[in-house]
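just a sequence and a predicted model for now, questions to come.
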Amino acid sequence: MTAEVARALVAKALGRDTIEAGDGLATLAEWDSLGHMHIVLAIEAQRGERLTPEQIVSIATVADVVALLDG
């Protein structure tokens, strides 16, 4: 369930219709610095708390988003 939520969160944050589980910073042109901040804000809204600077820079794939939503 978390993987589906993460994929939907990233897709919405980047303005895409779909996102694959293996997608990330290296595979999506929309995942630039502004896109990254949209993802961070979406994760923070989902979790109800701010991410640390270390967490923010660690996000590079949908799997990283899943880990943050699970944690």
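Sure thing, it's come through. Numbering: from 1, shown residues only.

can you get me a residue count around residue 34?
10 (other CB atoms under 10 Å). C-beta coordinates here come from the backbone N, C-alpha and C atoms, glycine included.

nope, residue 41 is what I was after
Residue 41, neighbours per other CB under 10 Å, totals 12.

do the same with residue 15
9.

ok, now which ones touch the nearest residue to it once chain neighbours are set aside?
Nearest non-adjacent residue to residue 15, counting by CB to CB, 6 or more residues apart in numbering: residue 30, 6.5 Å away. For residue 30, the contact set (CB atoms under 8 Å, 6 or more residues apart in numbering) comprises 14, 15, 16.

repeat the analysis, applying 10 Å as the threshold.
10, 11, 13, 14, 15, 16, 19, 23, 36, 38, 39 (CB atoms under 10 Å, 6 or more residues apart in numbering).

so which of those comes closest to residue 69?
Distances from residue 69 to the contacts of residue 30, taken as CB to CB, are shortest for residue 10 (10.6 Å).

and the next element down the chain from the helix or strand where that closest one lies?
Under the criterion of DSSP states H and E, residue 10 resides in helix 2-14. Later in the chain than helix 2-14, the nearest helix or strand by DSSP H and E is helix 33-47.
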